[in-house]
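>>> the following comprises the amino acid sequence and a computationally predicted model.
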Amino acid sequence: MEAWSVYRTASASQWTADQLMAAKGDNRISLVIPARDEEATVGPIVAAIRRHLIERLPLVDELVVVDSRSTDRTAAVAAAAGARIVDQDELTQDLPPLEGKGGALWAGLAGTSGDVIAFVDADLREFRTHFVVGLLGPLLLDPSVAFVKGFYHRPLIGATNVEPDGGGRVTELAARPLLNLFWPELSGFVQPLAGEYAGRRTALERIPIVSGYGVDIAMLIDLFELVGLDALAQVDLGERLHRHQSTEALGRMSAQIILTVWSRLYRQGRVTTAAPPASALTQFRRGGAAALPNLDREIVVSDVSVHERPPLVELRDPLAGQGRVPV
Ligand SMILES: O=c1ccn([C@@H]2O[C@H](COP(=O)(O)OP(=O)(O)O)[C@@H](O)[C@H]2O)c(=O)[nH]1
Ligand SMILES: O=C(O)[C@@H](COP(=O)(O)O)O[C@H]1O[C@H](CO)[C@@H](O)[C@H](O)[C@H]1O
């Protein structure tokens, strides 16, 4: 891990957008922002990318916000700021639905044409475009890199205080331990669940896309299996501020991540089982109607199952997708 980290860890400050413009060549670059109910933050993110990375310098060729079944004005706000809107369900034709963030990312991949695709969350505060420049650097400067994850310090912004590195709770309590135990080669990734990453289409279209919040860890594991650790990299983007979900919501996210990890272990023959794991999560919420005697809590049961779509190349051409990807 240390050897990999030494030569595959970079900093966004190592290059500028102008340098990347010179290195871009014939590469077309798509930027995809998955967004569910992000009207409060998606506009400034889109506006900054359009202003600095499209209008001032045409580094980004395609800027898409995937409207992930939002119930607010996310699509209108993003369109007004200059993004093309893709509805999460418009491209699925007769495919079974793919829920949650994974479905949004699938729509972003299927609905764009760039040779390189970068993904940025829509709930970022104080977004700056060096996030995108940082992610693109290794891909435009090193043909042996297929996929780049961002990493950053992640303050946890509470109602009354800020915990400097308290963010990334599911990363620290679930994803990092699981990866260290079962894929120690990936233990060098500082933020394995980072929502900011970029990759070559030739790789991203040859892995399955997992639904919900399993998508990020599945992508890292599946790309590691497909292209190898040497083709993966990470870039320091400084600090990331975003909207935090409740502990209850992160419990559901964690369950999806654990089920996704289990599915990879099972697929690789590293675990066998007579009884597959359940897919319902029971949680207990203060207040609400007492559901059982002496249980002064509301019982909340959630379906935390994860599903996946086959690699895009296989959906287009059933015979494609064999073997490792030439990066
Ligand atoms: O069903 C979903 C859930 C999330 N997201 C988006 O995926 C990104 C990361 O999700 P979220 O912020 O909920 O995760 P967190 O950062 O809290 O772990 C955000 O841009 C969300 O708007 C989405 O497009 N569809
Ligand atoms: O890293 C994490 O633990 C979670 C939750 O972060 P916080 O504890 O709310 O800062 O956030 C990430 O995980 C999600 C699942 O992979 C990603 O979809 C998010 O983009 C990422 O922010």
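Received it, and whenever you're ready, just let me know what you need. Ligands and ions are numbered 1, 2, ... in the order given.

>>> ok, which stretches of the stretch 101-250 of the chain are helices?
Ranges of helices within the stretch 101-250 of the chain are 130-141, 169-170, 176-182, 201-204, 215-227, 247-267, based on DSSP state H, counting those that start in this stretch.

>>> a markdown table please, covering the ones you listed and showing distance to ligand 1, mean neighbour count and mean pLDDT.
C-betas here are computed from N, CA, C, even on glycine. What follows is those, written out as a markdown table (distance: least, CB to the nearest ligand atom, whole Å; neighbours: other CB atoms under 10 Å; pLDDT from 0 to 100):
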| stretch | distance to ligand 1 | mean neighbour count | mean pLDDT |
| --- | --- | --- | --- |
| helix 130-141 | 13 | 24 | 98 |
| helix 169-170 | 7 | 19 | 98 |
| helix 176-182 | 14 | 16 | 98 |
| helix 201-204 | 16 | 21 | 98 |
| helix 215-227 | 9 | 23 | 98 |
| helix 247-267 | 6 | 20 | 98 |
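
>>> in CSV: these, plus distance to ligand 2.
Output for those, formatted as CSV (distance: least, CB to the nearest ligand atom, whole Å):
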stretch, distance to ligand 2
helix 130-141, 12
helix 169-170, 3
helix 176-182, 9
helix 201-204, 16
helix 215-227, 4
helix 247-267, 6
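
>>> for A35, which of those is the nearest?
Closest approach to A35 among the helices of the stretch 101-250 of the chain (CB to CB): helix 215-227, 14.5 Å.

>>> report the angle between the axes of that closest one and helix 247-267?
20 degrees (axes from the mean of the first three to the mean of the last three CA atoms, to 10 degrees).

>>> and helix 215-227, what does it pack against?
Applying 3 or more CB pairs under 8 Å, 6 or more residues apart in numbering; DSSP states H and E, one finds that helix 215-227 contacts helix 100-110, strand 147-153, helix 176-182, strand 197-200, helix 201-204, strand 209-210, strand 232-239, helix 247-267.

>>> is stretch 35-54 up against ligand 1 anywhere?
Yes - between stretch 35-54 and ligand 1, judged by CB under 6 Å from any ligand atom, the touching residues are 35-36, 38.

>>> residues in contact with that stretch?
Contacting residues not belonging to stretch 35-54 are listed as 17, 31, 33, 59-60, 63, 65-74, 76-78, 80-83, 101, 104, 120, 122-125, 127-129, 132-133, 243 [CB atoms under 8 Å, 6 or more residues apart in numbering].

>>> distance between stretch 36-53 and the chain's centre?
17 Å (CA atoms, centre = their mean, to the nearest Å).

>>> quick revisit: can you redo the helices of the stretch 101-250 of the chain as TSV with distance to A47?
Rendered in TSV, the data for the helices of the stretch 101-250 of the chain read as follows (distance: least, CB to CB, whole Å):
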stretch	distance to A47
helix 130-141	13
helix 169-170	30
helix 176-182	34
helix 201-204	26
helix 215-227	25
helix 247-267	28
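
>>> quick one: the residue nearest to A218 when sequence neighbours are not counted from V132, how far?
Excluding the flanking residues, the one nearest A218 by CB to CB, 6 or more residues apart in numbering is V210, at 3.9 Å. Distance from V210 to V132, counting by CB to CB, to the nearest Å: 24 Å.

>>> with T202 instead?
Between T202 and V132 the computed distance is 20 Å (CB to CB).

>>> just the pLDDT at S302, thanks.
pLDDT, S302: 98.

>>> got the contact list for whichever residue of the stretch 201-327 of the chain sits closest to ligand 1?
Closest to ligand 1 within the stretch 201-327 of the chain is Q245: 4.4 Å, counting by CB to the nearest ligand atom. Counting by CB under 8 Å, 6+ apart, Q245 touches M253.

>>> before we move on, the earlier item: tell me the buried residues within the contacts of stretch 35-54.
With burial judged by 16 or more other CB atoms under 10 Å, the buried subset of those is 17, 31, 33, 59-60, 63, 65-68, 70, 73-74, 77-78, 81-83, 101, 104, 120, 122-124, 127-129, 132-133.

>>> for ligand 1, what are the nearby residues on the stretch 101-250 of the chain?
Within the stretch 101-250 of the chain, the positions adjacent to ligand 1 are 101, 104, 121-123, 195, 242, 245 by CB under 6 Å from any ligand atom.
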